[in-house]
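1. Dropping the sequence and predicted coords here.
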Amino acid sequence: MVDLSKHLARIKQALDRRNYDLVFEVVDQCVDADPANIEVHRLFLDAAKRKAKEGGRAGFMSTMSIPSLTKDPQKLLAAAIKRVAKAYDTRALVDVGDAAARCVQNGAPKMAEVAILYLEDQRSTGMFSEKALWTLHQLYHERYRATRNAADIDNAIRCLKELEKAMPNHPEASRTLKNLEAAKSIDGRGKAAGDYRGQLANDANARRNDVMNRQVRTVEDAREVLKFIDEDLKASAGDKSLWAKKGDIHRRIGELGPARAALIKAQELDPHDFTITMRLGDIALDEARARVRQLEAAGQDAGPAKKELIQAEITEFRKRIERQPTDLTHRYSLGLNLIKTGDIDGAAAEFQRTVADPKLKKGSHRYLGFCFAKKNLLDLSTQQYTAYLALAEDDLADEAKEVRYLRARVLEDQGKKAEAIQDYERLVNIDLNYKDAATRLQRLRG
């Protein structure tokens, strides 16, 4: 182990004199020599906080970090520490913790304490970070497996509960939380083998955790989950997340009235939670779709109801865009509905934004091709269809065939006979009976 006693003394002296630049300079040297020295990191965080406070920064800064090309966790750690030194930034704290956790994965177990220190410091700011909570739970769980210290598994569970509460739809939090609580229950049962009442309580808690965190597949599953939620609400009627979960479960089994009532209660508890507002909007749209289905099933005219549904969706997605302008999925959904109303210009404007999102890029090219064709901008339409086909993973898929057919039609309208023939030939080779591709191919060849 490297002797850093003199360096630590210099850091403390510089800290007393408020010479924060000197603190950071010596810390850099210490991190290079012994990155796992927890005392160095504690003093560094103290200096970073003091500098931010004395510098008059209100709250915690959130600066844009320049992505690093290196994959070396040691270099990533040093770079993130320098960002914290420049500004006590919560995202940089997460980056330090993440880099330290990677050092653990690379065979430096002592770095776990460093990772926990920075991630807990970030957590103490009150700023939510999915990565911080997820990494923290992993670090605590690994330490628990090595030491069997009950406090570590409690901390791991605490992190997962915070993550699940903030992100009810997190893909792993609920399942992992259930597993950890079951493991804790089993360990507790083993320590109190002679206490049958404790065993019964543990079994009941394990059963409850299993039910509350299971994936709801049937109405019976939903009823069992709702039973436990109602029991919890008797003791915690002010828990917004419980009311939200109750609303989601009711909606999943088609009980829209109780779902709306539960979500309205959740919104009363937190009027600023827009996620709940969107869920209430989803229920309103579900009801509008149900009216269309009922009319169609009864053989009645569903046209007016369909128009009302489209207008309701347009209103809902515009409201979401106003509140969440960076979420391009709202714009994509709005564009699809504007096409249905014939507002081609409005739809094209939305797809020209959503084409920048990698997840929406392919579909945006398709619908931009459609919009440009409608506006008789045939060259632009061909470009968009070509861009779609370049991204298509499966040339045999129905959507890819549809786009190729549409491009062939546009090429025909442009008088580009040879290129249109190529598209029709490809379609006929894939599917001889696809629409009128074979007939058009014969006519062009003739």
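-> It's in. Numbering: from 1, shown residues only.

2. Low-confidence ranges, the stretch 101-250 of the chain, go.
-> 188-216 (pLDDT under 70).

3. residue boundaries of the helices in it?
-> Listed in chain order, the helices found in the stretch 101-250 of the chain under DSSP state H, counting those that start in this stretch are 111-124, 130-147, 150-166, 173-191, 196-213, 219-235, 240-252.

4. packing partners for the last one?
-> So the one you mean is helix 240-252. helix 219-235, helix 256-269, helix 274-297 (3 or more Cβ pairs under 8 Å, 6 or more residues apart in numbering; DSSP states H and E). Backbone N, C-alpha and C define where each C-beta goes, glycine included.

5. among those, which is the most enclosed?
-> Per residue and on average, the most neighbours among the helices and strands packed on helix 240-252 fall to helix 256-269, with a mean of 18 (mean count of other Cβ atoms under 10 Å).

6. that older thread, would you reformat the helices of the stretch 101-250 of the chain as CSV and include distance to Ser381?
-> Formatted as CSV, these follow (distance: least, Cβ to Cβ, whole Å):
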stretch, distance to Ser381
helix 111-124, 49
helix 130-147, 40
helix 150-166, 44
helix 173-191, 44
helix 196-213, 49
helix 219-235, 47
helix 240-252, 40
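
7. among these, which is nearest Gly346?
-> Proximity to Gly346, assessed across those by Cβ to Cβ, is greatest for helix 240-252 (29.9 Å).

8. Isn't Lys184 up against Ile153?
-> Yes: between Lys184 and Ile153 there is a contact under Cβ atoms under 8 Å: 5.2 Å.

9. Overlap in contacts, the two.
-> Shared between the contact lists of Lys184 and Ile153 (criterion: Cβ atoms under 8 Å, 6 or more residues apart in numbering) there are no residues.

10. pLDDT value on Leu77, please?
-> At Leu77, the predicted lDDT confidence score is 89.

11. is it fair to say it lies in a helix?
-> Yes: residue assignment for Leu77, taken from DSSP: H, G, I helix; E, B strand; the rest coil, places it within a helix.

12. neighbours of it, just the number please.
-> Around Leu77 sit 25 other residues, with neighbours defined as other Cβ atoms under 10 Å.

13. host element of the nearest residue to it once chain neighbours are set aside?
-> Taking Cβ to Cβ, 6 or more residues apart in numbering, and ignoring the residues beside it in sequence, Leu77 has Ala99 as its nearest neighbour in space, at 3.9 Å. Ala99 belongs to helix 90-105 when elements are defined using DSSP states H and E.

14. ok so, going back, kindly reformat the helices and strands packed on helix 240-252 as a markdown table and extend each row with distance to Pro109.
-> Listed next are the helices and strands packed on helix 240-252 as a markdown table, based on distance: least, Cβ to Cβ, whole Å:
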| stretch | distance to Pro109 |
| --- | --- |
| helix 219-235 | 38 |
| helix 256-269 | 42 |
| helix 274-297 | 38 |
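
15. separation between the residue nearest to Leu77 and Ala80?
-> As judged by Cβ to Cβ, to the nearest Å, Ala99 and Ala80 stand 6 Å apart.

16. Asp301 now?
-> In terms of Cβ to Cβ, Asp301 sits 63 Å off from Ala80.

17. Then Ile321?
-> Shown here: Ile321 relative to Ala80, a distance of 34 Å by Cβ to Cβ.

18. same check, this time on Thr90
-> To Ala80, Thr90 is 12 Å away according to Cβ to Cβ.

19. ok, Asp301 and Ala80, which is more surrounded?
-> When neighbours are counted by other Cβ under 10 Å, Ala80 comes out ahead of the other of Asp301 and Ala80, with 24 against 10.

20. pLDDT value on the more buried one, please?
-> The predicted local confidence for Ala80 is 90.

21. mind listing what the residue nearest to it when sequence neighbours are not counted touches?
-> Across the structure, with Cβ to Cβ, 6+ apart as the measure, the residue nearest Ala80 apart from its sequence neighbours is Asp95 (3.8 Å). Taking Cβ under 8 Å, 6+ apart as the definition of contact, the neighbours of Asp95 are Ser65, Leu76, Ala79, Ala80, Arg83.

22. now these as TSV including distance to Asn169?
-> As requested, the contacts of Asp95 are arranged in TSV below (distance: Cβ to Cβ, whole Å):
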residue	distance to Asn169
Ser65	27
Leu76	29
Ala79	32
Ala80	29
Arg83	31
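
23. Out of those, grab the one that's most surrounded.
-> Ala80 (24 neighbours).

24. Make sure that one is indeed in a helix.
-> Yes: when classified by three-state DSSP, Ala80 is found to be part of a helix.

25. which residues touch it?
-> Applying Cβ under 8 Å, 6+ apart, we find Ala80 in contact with Ala92, Asp95, Val96, Asp98, Ala99.

26. Pull the number of nearby residues for the nearest residue to Met278 once chain neighbours are set aside.
-> Leaving out its chain neighbours, the residue that sits closest to Met278 by Cβ to Cβ, 6+ apart is Arg320, at 6.2 Å. Other residues near Arg320 come to 20 when the count uses other Cβ under 10 Å.

27. And Leu163, by the same measure?
-> The burial count for Leu163: 24, using other Cβ under 10 Å.

28. Assess the claim that it and Ala132 are in contact.
-> No: counting by Cβ under 8 Å, Leu163 sits too far from Ala132 to count as a contact (9.3 Å).

29. re earlier: gap between the helix holding Ala99 and the chain center?
-> Using Cα atoms, centre = their mean, to the nearest Å, the mean C-alpha position of helix 90-105 is found 20 Å from that of the whole chain.

30. and what of stretch 370-383?
-> Relative to the chain's own centre, stretch 370-383 is displaced by 34 Å; criterion: Cα atoms, centre = their mean.

31. Can you mark which positions in it are buried?
-> Within stretch 370-383, the residues scored as buried using 16 or more other Cβ atoms under 10 Å are Phe370, Cys371, Phe372, Ala373, Leu377, Leu378, Leu380, Ser381, Thr382, Gln383.

32. TSV for those, including secondary structure?
-> Below are the buried residues of stretch 370-383 laid out as TSV (three-state DSSP):
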residue	secondary structure
Phe370	helix
Cys371	helix
Phe372	helix
Ala373	helix
Leu377	coil
Leu378	helix
Leu380	helix
Ser381	helix
Thr382	helix
Gln383	helix
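
33. Would you mind putting these into CSV with pLDDT alongside?
-> Shown next, in CSV, are the buried residues of stretch 370-383 (pLDDT from 0 to 100):
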residue, pLDDT
Phe370, 97
Cys371, 97
Phe372, 97
Ala373, 97
Leu377, 97
Leu378, 97
Leu380, 97
Ser381, 97
Thr382, 97
Gln383, 97
